[in-house]
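Structure, please.
(2 chains)
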Amino acid sequence: MSGEKKYYAPLTPSIIIEFDPNVCDGCYPTFREPLCVKACRMDILLPNPYDRSKPPILIYPDECCECGCCVHACPKSLQGAIKLNWPTHKLPRWKRKETGEHFRVGMPNPPPPNPTPPVGGWYPEVKRREER
Amino acid sequence: MGLNQFVVEWPYPVNYDGINVIETDVLVVGGGISGSWAAIEAARRGAKVVVAEEMDVFSAGPAGCDHWHNAFDNPACKVTPDEAIETMERYVMERGIPFNPIGRYITYNESFKTLLELEKLGAKIRDTEDEFKGAPFRDEETKLLYAYTYDVKCTLRVWGQTFRQALYAELVRLRVPLYGRVLITSLLTEDGKIGGRVVGAVGVHTRTGEFYVFKSKATILCTGSFDGGLRIFGYLGYGFYSLHSPSMAGVGHNAAWRAGAEFLGIDARFRRGTGHGSMPSYATGNPSNTWYPCTIVDADGKEIPWIDPLTMKPVSSIEERVISDLRGYKALGGPPSWPETTPISHAFFIPSVAQDFLERVKRGEYKLPLYADLPGMPEHERRAIFGLMVAQEGKTWIVYYNLTRAGFDPNKDMLQSYWFGGRHLDPIANLFTSAHGGFIHDWDFRTNLEGLFVAGDACFYGLEHAGAAVSGRWAGAKAADYAKSVSLGKIDWDQVERERKRVYAPTAKTSGVDWRELNVAICTVMRTYVNDLSNEEMLKIALKWLDELERGEAEKVVARNPHELTRTLETLSALSNAKLITLYTLERVRRPNLKGFLTMILKSSGEVEFVVRPWRWWLLPPYAPTYRENYERHKPW
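Prediction:
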């Protein structure tokens, strides 16, 4: 019943997951599938069906659970190959203590990025110790 | 062919006719924390083991760990496992708060040892860079970092993002076959009979639609908690959020229930849980969990008071929040009286922000909105909360990434807080709980079904990350031993065919109902009738409408590709689970004075049987009369 039948996925014009085509190479040819696709917990990223070295394609953006595993798994995450854009209605907000100014993620004219890395770095090394 | 703006060709070969048959000693259903540990332990014991996981095991399960809990076996911990279980029994279980005494006691004795095992696999658990040198939560010798109550030392702050990777690497190293993107939809039982020995499972590939038949001597259900129901009972819109793995949609629970496993149901009258539809969690300020012990201030910068849960007196300094001895009682000495309203946390009665706070807002004492005052915290706490906990626990790595890129600076900025005794201030969250159901198991993590084990959050009343790891290892060892003593059971191919027919029915239709529509319909019934105000009448009406959905719209669901089929199968499970929750809640409403554990079993006749297990059934025959004896008797190493 399947053989000749073609299957499609409808797309929605949403950029909850956004790729920079100048940075993302679809993990080609280093990995068998793009690591964001491998990591996606809802399986809503498809390897680019037309050119594997181009960014993956987002299907069913409404299913995104915002876990950010795709960004975390990306070998070029720190170069901005992939972004998770939280939905507009859920953008975190903050207030600067000294000045009382209000900010939110994704605002026009944002403050400069804070370059401080996490404690232990963005990707602490995971290395097995042989003694057991 | 170019990329059409609105449709893309499915890149995977679709084959709804394909069947793969796999034979194994141990089948692990679910490759998250408990499943990974189960598979590793079974493989180390020489069993042939495979993992079937709806996602890729690469990022399956919670994908991180916020705190490593219940490390009462830590030599530096002030509290022993026996003191801990006694306290939890007295102050937690006797108050009807969900708690798994078997899983917890075993965890109390194995938690820290398991963390050290994880470290051998490459996980980072120590402040080797000395970033926190001199901080009150750091042990200078071991470089371990503690949380909540720094003098008790039963909870650790860890680099949770490394945990998933370490386990995955070990599974690959051990060459455990990982069947990723395979959703297990049903367990197979001997002769296809409900209540019979579990002899395997069937599932469907979420990309190709191929069918999988696993034949196993032992099967371990590691499908997480029922919390995925939060997704299913939530209205999906742009961006749902679940603290737990989104694959925990209750499909595994439903499969084990239909096979006849004894289930401790979910009483929907007790709303609980975090999850669906809230602001990105931990990307907003709050005073608990990851953010403990962050100071919360009001719009004018006035500090929200903290309260000692035992004395109900205000806690005046940050030190008092984190050092139990400074609060004037010993963690385990017990209070003179215990108010019914006391909030209880798993790190033993830590202070919390005053629960009557919203009333005080109404009286004009405080002014909304609220903010997490990171700049006002001591530097090591600020760095621990935002730079370590938020950044490194795994699931919230993206929060650190997104916030710092957007210019958030914890030294200067106060993140808005929507948290208050639940999420009353969150504009989006409208929680429907479904947490804390699960399968009854013995001290070997065996269920009532021969050949079926359970671990992690699928256990009755659930287990957190350390408990998932410990129970996974334990169940993996027991399942491997059991598999040595039996041969493969006989698969009933009629049962396989029945399941195949059920699974693929949505792919044969060309018009009908989308799973989303059915999902929201289930959600509406549950939110309308099954909640903390439910009475018998409401619950009966709910059952009627759920039945009708099952016979009506659920029969008309259409799936146009394997991905939609996966979501459809989850939704159909959710519908069945919604009925379970409603049935269980109805039974609880009918027995208002019930003491003990009410469980439910699907009998081979198709009837649902309710069972009342007595208080402390886990210490009654055939089990030993004390926790310690049971632990020693069943310890697999």
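
So which residues of chain A form strands?
Using DSSP state E, the strands found in chain A span residues A:8-10, A:17-19, A:45-46, A:57-58, A:82-84, A:93-96, A:102-104.

Of all the residues in chain A, which one is nearest chain B?
Of all residues in chain A, A:Gly68 sits closest to chain B, at 2.4 Å by Cβ to the nearest Cβ. C-betas here are computed from N, CA, C, even on glycine.

tally of neighbours for that residue?
By other Cβ atoms under 10 Å in any protein chain shown, the residues close to A:Gly68 number 27.

quick one on the thing from earlier: what would the strands of chain A look like in TSV with mean pLDDT, distance to chain B and mean neighbour count?
Shown next, in TSV, are the strands of chain A (pLDDT from 0 to 100; distance: least, Cβ to the nearest Cβ, whole Å; neighbours: other Cβ atoms under 10 Å in any protein chain shown):
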stretch	mean pLDDT	distance to chain B	mean neighbour count
strand A:8-10	81	5	16
strand A:17-19	96	11	20
strand A:45-46	94	5	24
strand A:57-58	93	6	22
strand A:82-84	96	6	22
strand A:93-96	97	5	20
strand A:102-104	97	7	15
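
returning to what we had before: could you list every residue that touches the residue of chain A closest to chain B?
When contacts are counted by Cβ atoms under 8 Å, 6 or more residues apart in numbering or on different chains, A:Gly68 is found next to A:84, B:395, B:397-399, B:401-402.

the strands in the stretch 451-600 of chain B, which residues?
B:452-454, B:597-602 (DSSP state E, counting those that start in this stretch).

To A:Pro29, which of the ones you listed lies closest?
strand B:452-454 (41.2 Å; Cβ to Cβ).

which other residues reach the closest one?
Contact partners of strand B:452-454, identified using Cβ under 8 Å, 6+ apart, comprise B:38, B:187, B:198, B:218-222, B:256, B:259, B:261, B:438-439, B:441, B:444-447, B:475, B:478-479, B:482.

following the lowest-mean-pLDDT helix or strand in chain B, which helix or strand shows up next?
Least confident helix or strand, chain B: helix B:228-232 with a mean of 52, by mean pLDDT, DSSP states H and E. Downstream of helix B:228-232, the first helix or strand assigned by DSSP states H and E is helix B:251-259.

May I have the secondary structure class of the residue in the stretch 401-550 of chain B positioned nearest to chain A?
In the stretch 401-550 of chain B, the residue that lies nearest chain A is B:Gly407 (3.2 Å; Cβ to the nearest Cβ). Three-state assignment for B:Gly407 (DSSP: H, G, I helix; E, B strand; the rest coil): coil.

one step back: so which of the strands of chain A comes closest to B:Tyr168?
Nearest to B:Tyr168 among the strands of chain A is strand A:45-46; the distance by Cβ to Cβ comes to 18.8 Å.

Now do the helices in chain A.
In chain A, the segments counted as helices under DSSP state H are A:35-39, A:69-73.

Using the record's assignment, carve chain B into domains.
B:19-269+B:432-493, B:278-305+B:354-429, B:506-593 (automatic domain parsing).

Out of those domains, which is the most enclosed?
domain B:19-269+B:432-493 (a mean of 23; mean count of other Cβ atoms under 10 Å in any protein chain shown).

Not counting sequence-adjacent ones, nearest residue to the one residue in the stretch 501-637 of chain B that gets nearest to chain A?
Residue of the stretch 501-637 of chain B nearest chain A, by Cβ to the nearest Cβ: B:Asn561 (4.4 Å). Spatially, and ignoring its direct neighbours in sequence, B:Asn561 is nearest to A:Tyr7 (4.4 Å; Cβ to Cβ, 6 or more residues apart in numbering or on different chains).

how close does B:Phe214 sit to B:Lys48?
12 Å (Cβ to Cβ, to the nearest Å).

Could you do B:Glu262 as well?
Computed as Cβ to Cβ, the B:Glu262 to B:Lys48 distance reads 28 Å.

And for B:Thr599?
In this view, B:Thr599 and B:Lys48 are 33 Å apart by Cβ to Cβ.

Spell out which parts of the stretch 301-450 of chain B neighbour chain A.
Residues of the stretch 301-450 of chain B lying close to chain A (Cβ under 8 Å from any Cβ of the partner chain) are B:301, B:371, B:373, B:375-376, B:383-384, B:387-388, B:391-392, B:395, B:397-409, B:412-416, B:428.

These in strands, which ones?
Among these, the members falling in strands (DSSP E) are B:371, B:413-416.

Need the pLDDT of the residue of the stretch 501-637 of chain B closest to chain A.
Note on B:Asn561: pLDDT of 94.

Test my guess that it contacts A:Lys6.
No: the pair B:Asn561 / A:Lys6 is not scored as a contact, 10.0 Å apart, by Cβ atoms under 8 Å.

which neighbours do the two share?
Common contacts of B:Asn561 and A:Lys6 (Cβ under 8 Å, 6+ apart): B:Trp10.

Next one, pLDDT for B:Lys330 please.
Predicted confidence (pLDDT) for B:Lys330: 46.

And for B:Leu431?
Reported pLDDT for B:Leu431: 48.

likewise A:Thr12?
At A:Thr12, pLDDT is 77.

Tell me how many other residues crowd the nearest residue to it once chain neighbours are set aside.
Leaving aside its chain neighbours, A:Thr12 sits nearest to A:Pro61 (5.5 Å; criterion: Cβ to Cβ, 6+ apart). Neighbour count of A:Pro61, defined by other Cβ under 10 Å: 19.

A:Pro61 against A:Ala9, yeah?
No: contact criterion Cβ under 8 Å: A:Pro61 and A:Ala9 do not qualify, at 11.5 Å.

which bits of the stretch 451-600 of chain B sit near chain A?
Residues of the stretch 451-600 of chain B lying close to chain A by Cβ under 8 Å from any Cβ are B:516, B:560-563, B:566-567.

quick revisit: now the residue of the stretch 501-637 of chain B closest to chain A: how far from B:Pro11?
Separation of B:Asn561 from B:Pro11 (Cβ to Cβ) stands at 10 Å.

Same question for B:Phe445.
Distance of B:Phe445 to B:Pro11, computed by Cβ to Cβ: 40 Å.

One more: B:Glu89?
Distance of B:Glu89 to B:Pro11, given as Cβ to Cβ: 54 Å.

same question, A:Arg128
According to Cβ to Cβ, A:Arg128 and B:Pro11 sit 34 Å apart.

Give me the more crowded residue out of these two.
B:Pro11 (18 against 13).

mind listing what that one touches?
By Cβ under 8 Å, 6+ apart, the residues touching B:Pro11 are A:46-47, A:49.

that's a helix at it, yeah?
No: under three-state DSSP, B:Pro11 sits outside any helix and is assigned coil.

hmm, back to that, which of the domains of chain B has the lowest mean pLDDT?
domain B:278-305+B:354-429 (a mean of 87).

next one: that one to chain centre, how far?
When distances are taken as Cα atoms, centre = their mean, to the nearest Å, domain B:278-305+B:354-429 is centred 23 Å away from the chain's centroid.

That'll do, ta.
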